[in-house]
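**Q** quick one, fold the following:
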Amino acid sequence: MDLVYSYSAFAIAYLIGSLSFAVIISKVMGLADPRSYGSKNPGATNVLRSGNKWAAVLTLLLDALKGYGPVALVQWQSFELGFDDITIAFVGLAAFLGHLFPVFFRFKGGKGVATALGVLLAFEPLLGGATLLTWVVVAALFRYSSLASIIAALFAPFYTLLFFDRPWVAMAVAVMSLMLIWRHWRNIGNLFQGKETKLGEKPADPKRRRRRRIRRLHDDGGASPTPSSHPSKGN
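**A** Model (predicted):
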């Protein structure tokens, strides 16, 4: 019976994680689908590029809550239902995987930063707080959300091993960190090339850049000097 409860908890956590709130909130608030602009990532940072801060805040909070809720619930019911740290760790991992590969959205999800934070806060509030502080410090210094997420992901497993004696939780945190860094592979390339968009900036529209280039070429062509007179005959 304990196994039935555990597998049920995994399935429910995955389904909750599969709720892509970036897409849902954007649709409810009449905004463009976040998968159609910017980084095309259904997450709070990309929703912020729509210009609607409330939509971005709601996305952030609900994405974090769908990671926090399932883990907090199984920890609260661990004694009554016989859940151990293995179950708790895999419930957190299932919610995170639901965000990355949502069954309701053709398995095309976000990068999992907010959901991972919610899971960490539920595992251990101090663990989530330390990881969040790392993100804030890096984001404040460099203004790159992706860089802050990558560095916070690198530090999270070490915080877990250093301060908490929960091996299965440490394993789940390490897996989430590796997958989160993997989901940022395009951002890592952009960071090295100096093309990554900073917090608060809107990514340049390639069509707009092309129109400007055509207009500039047209203007330069129109301003080019033309012969004012023909060569004189008989000289």
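**Q** next, the residue most central in space within the chain: phi, psi?
**A** The C-alpha lying nearest the average C-alpha coordinate of the chain belongs to residue 111 (CA atoms, centre = their mean; 3.9 Å). Taking degrees, to the nearest 10, you get phi -90, psi -20 for the backbone angles of residue 111.
**Q** measure it to residue 90 for me?
**A** Residue 111 sits 21 Å away from residue 90, taking CB to CB, to the nearest Å as the criterion. In this view, the C-beta of every residue, glycine as well, is placed from N, C-alpha and C.
**Q** still on that earlier bit, hmm, residue 42 and the residue nearest to the centre of the chain touching each other?
**A** No. Applying CB atoms under 8 Å as the test, residue 111 and residue 42 come out as separate, 9.1 Å apart.
**Q** pull the longest helix from the chain.
**A** helix 53-76 (DSSP state H).
**Q** so, low pLDDT: which residues of this protein?
**A** Applying pLDDT under 70 to the chain flags residues 1, 200, 202-235.
**Q** do that again at 80, thanks
**A** Applying pLDDT under 80 to the chain flags the ranges 1-2, 200-235.
**Q** mind listing the helices for it?
**A** 2-17, 21-28, 44-48, 53-76, 78-81, 85-100, 113-123, 125-142, 145-163, 167-183, 185-193, 206-222.
**Q** okay, stretch 95-103 in CSV with CA atoms only?
**A** Taking Å, rounded to 0.1, in the frame of the first residue of the first chain, the C-alpha atoms of stretch 95-103 are listed here in CSV:
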residue,chain,number,x,y,z
ALA,A,95,7.1,18.2,-10.1
PHE,A,96,10.3,19.7,-11.6
LEU,A,97,10.1,17.2,-14.6
GLY,A,98,6.5,18.1,-15.1
HIS,A,99,7.5,21.7,-15.7
LEU,A,100,10.3,20.7,-18.1
PHE,A,101,8.2,18.1,-20.0
PRO,A,102,4.5,19.0,-19.4
VAL,A,103,2.0,16.4,-20.6
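**Q** can you list contacts of that stretch?
**A** Taking contacts as CB atoms under 8 Å, 6 or more residues apart in numbering, the residues outside stretch 95-103 that touch it are 13-20, 63, 66-67, 70-71, 107-112, 115-116, 118-119, 176, 179, 183.
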